[in-house]
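[1] Show me how the following folds:
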Amino acid sequence: MRALSLAGLLVLGVCAFEARAEGFGFVYVTSNVGAASGGHAAVVADGTVYHMQNSSDGLLLLVREGWSSFHLKYSELENRPLAVARVDAPLDVTEHVERAFSKLYVEQELALAHRQSLRDDVAWLEAATRGQPAPPLRGAGLLDPARPGDADARALRDAVLAQAGSDSLAALDAASERELARLAAAPEEELAALRDALSLREAARALDRGYGLDPAALVELPAEIDGGVDARERAGLEALARRQQQGVIELVKSKRPDRGYALLLAQARYLAARRSLVTGQLVLLDAFADRPSAESRPAESSMPDAVRERNRADAARILSQLRGEVIGGAQVDEANWNLVEEIAAIVARDGRADAGGELSALGLRKLPGRARSLAAPALAGDPSAALTRARARLADYDAGLHARWSYDLLHHNCITELARTADAAYPTPAETAAAFGALSSPDDETFGYIPWVFFDRVRERLRVTKVGYFPARRARELEQLLATSPGFETRARESISYASTIYTPLFRDSAFLLFTDDVFWRRPAYGALNLFFGLGYTGYGLAALPFDHGMRAKAGLDGMLWSLPELVFMNVRKGTFDWAR
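    Numbers count the residues shown, from 1 in each chain. Below is the predicted model:
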């Protein structure tokens, strides 16, 4: 797949090329406030980035994403410079590394999917115990049974019947009904299979009866952004429709019992592409349609209107670039198309990430999955006893996951597991050392789990050919600004957080007056000013306590805390450009 270039905002085409060069490398992400204060590390191999993150439930999980989305999150939005130490290794070494990380990724994905299935079992048995309808099924809400006979859906059905057989859909519906009856008679151990059969039956009926798109499953782009489909985009949408049509046909002919969601999604994407061609306006599925709406959540008071406006403009600019690259360039594979759906969903939310996921999460495959409750057969047996056993199974499985992947600051963190996985690229440590130049695992160092210590180890011990540096967003924009408006006045203005034209102060960045990431000898003096500023801001926050729930007081206290390292020439705080969380 050709790497996407978001040139207007992100300048990621160059970054992606650099990241792909010379085998693989270890990435060091410098610090920023909060959970980012210790820095971060990753491995990049052939343009794919692997890194560990601590999940909300305390599990250390592997994240796999493209360099573009990784750079976007850390360098652009979190304003953190990146360094990449490239290891001198032939293609087969890179392949071994990718294989090791892919194996762990698949292992974790399967484990998390199984946990979700166990959670769904509990939810279904709880509903049965209470006499309530079955919980909504993912993807069932993409198509609307109240809109049968859609013209494009009928054309899709005719194509399926022509290639899969005139009785293929009726046979699929009947087979699903028989399977549902069988599973409902002894449901406890096969609730996941029952849900799969229910999704497949719905997908078959949606296709046979020509269900149209549910309007609630679609993105509503602002009128000023919703430009018409041009000739190049029409060609890309035609390619997408053909791709989805063939996918539907292959899924109908497949024997996989778990293909119901995939079949629903393929139908919905086909219909969205065809509607785009008919109306001349881009129609996209909403990747976040099941999230709470912006109106149902309190507004993030730390997000000024000016920042929202800039975020809105940034997102619209990215969408425009993606339209040109993906749709206009006919790069309509699943991953690229999902990226278009994600950013369009964020644009539609008026630049608010609190309702639809943060822009920093872009590229993590939030597939459209609007759910809907379906009529399900009554479950045999005692649902209360089955529920007790299902809860016990879920608790046991959760305990096993935590025993295997719980986060531990010293012994099981983003550095130790990243290095151990890389070192597992070969069967023996000796083979890995021969391939890399040395083992990357920091287990033999007291402070090896600290990201910058780990990165120094990589540079010193592994066969590193060069280190590439990627500046943070503020540094890059400041350089561009100084190129057009050089001089002391520009530098002085941009060094003050409240006067800067590049950065807008946000409470989550803490209260500070002066940037210190681009100075060294003056840093202690700047830090002292920031410390006193934070003290004064805390007093202001205490006075505002009845009105802002302590938000300003916390920002002032945090500002004092992050000013302390500056007194000894260390910089942590850099400000962020991330969206409201």
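
[2] Would you mind listing the buried residues in stretch 112-125?
    For stretch 112-125, the neighbour count (16 or more other CB atoms under 10 Å) marks 115, 117-118, 120-125 as buried. (C-beta placed from N, C-alpha, C; glycine too.)

[3] burial of Thr421, as a residue count?
    21 (other CB atoms under 10 Å).

[4] Show me what the strand or helix carrying it packs onto, helices and strands only.
    In this structure, Thr421 sits in helix 414-423 according to DSSP states H and E. Applying 3 or more CB pairs under 8 Å, 6 or more residues apart in numbering; DSSP states H and E, one finds that helix 414-423 makes contact with strand 40-45, strand 48-54, strand 60-66, helix 91-130, helix 429-436, helix 451-461.

[5] For stretch 241-257, which residues meet the burial criterion?
    Neighbour-count burial for stretch 241-257 [16+ other CB under 10 Å]: 241, 243-245, 247-249, 251-252.

[6] Check what contacts it and list those residues.
    Applying CB atoms under 8 Å, 6 or more residues apart in numbering, the external contacts of stretch 241-257 come out as 156, 159-160, 163-164, 168-169, 172, 179, 193, 196-197, 200, 204, 207, 259, 262-263, 266-267, 269-270, 273-274, 277, 332-333.

[7] out of those residues, which are inside helices?
    156, 159-160, 163-164, 168-169, 172, 179, 193, 196-197, 200, 204, 207, 262-263, 266-267, 269-270, 273-274, 277 (DSSP state H).

[8] Show the buried residues in those.
    Those of the ones in helices among the contacts of stretch 241-257 that meet the buried threshold are 156, 160, 164, 168-169, 172, 179, 193, 196-197, 200, 204, 207, 262-263, 266-267, 269-270, 273-274, 277, by 16+ other CB under 10 Å.

[9] just to revisit the earlier point, include pLDDT when you put the buried residues of stretch 112-125 into TSV, please.
    Output for the buried residues of stretch 112-125, formatted as TSV (pLDDT from 0 to 100):
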residue	pLDDT
Arg115	94
Ser117	92
Leu118	94
Asp120	94
Asp121	93
Val122	95
Ala123	94
Trp124	93
Leu125	93
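
[10] Closest one to Glu566 out of those residues, please.
    The closest of the buried residues of stretch 112-125 to Glu566 turns out to be Arg115 (CB to CB; 43.0 Å).

[11] Surely the closest one and Arg393 touch.
    No - using CB atoms under 8 Å, Arg115 makes no contact with Arg393, being 10.2 Å away.

[12] Point out the other helices and strands that the helix or strand that contains Tyr537 packs with.
    Per DSSP H and E, Tyr537 falls inside helix 523-543. On a contact count with 3+ CB pairs under 8 Å, 6+ apart, helix 523-543 meets helix 551-563.

[13] Run the angle between the helix it packs on and helix 523-543 for me.
    160 degrees (axes from the mean of the first three to the mean of the last three CA atoms, to 10 degrees).

[14] Show the average pLDDT along stretch 385-400.
    Stretch 385-400 shows a mean pLDDT of 94.

[15] brain fart, stretch 126-138
    pLDDT averaged over stretch 126-138 gives 92.

[16] check contacts around Val347.
    Here Val347 is in contact with 219, 221-222, 225, 312, 315-316, 319 (criterion: CB under 8 Å, 6+ apart).

[17] ah, wrong one, I meant Gly369
    138-139, 142, 261, 265, 289-290.

[18] Leu409 now?
    Counting by CB under 8 Å, 6+ apart, the residues that Leu409 touches are Tyr449.

[19] burial count for Thr428?
    With other CB under 10 Å as criterion, Thr428 counts 8.

[20] Need the phi and psi values for it.
    Listed backbone geometry of Thr428 is phi -130, psi 150, with angles given as degrees, to the nearest 10.

[21] I'd like the numbering to begin with 26 instead of 1 from here.
    Right, with 26 as the first residue, what we last looked at is Thr453.

[22] Run through the residues that contact it.
    Contacts of Thr453 (CB under 8 Å, 6+ apart): none.

[23] quick one on the thing from earlier: with respect to Phe513, which of the buried residues of stretch 266-282 is nearest?
    Arg268 (56.3 Å).

[24] In terms of helices and strands, where is the closest one?
    helix 256-278.

[25] Off-centre distance for that helix?
    Chain-centre distance of helix 256-278: 25 Å, with CA atoms, centre = their mean, to the nearest Å.

[26] Looking at that helix now, give me its mean pLDDT.
    The average pLDDT within helix 256-278 is 93.
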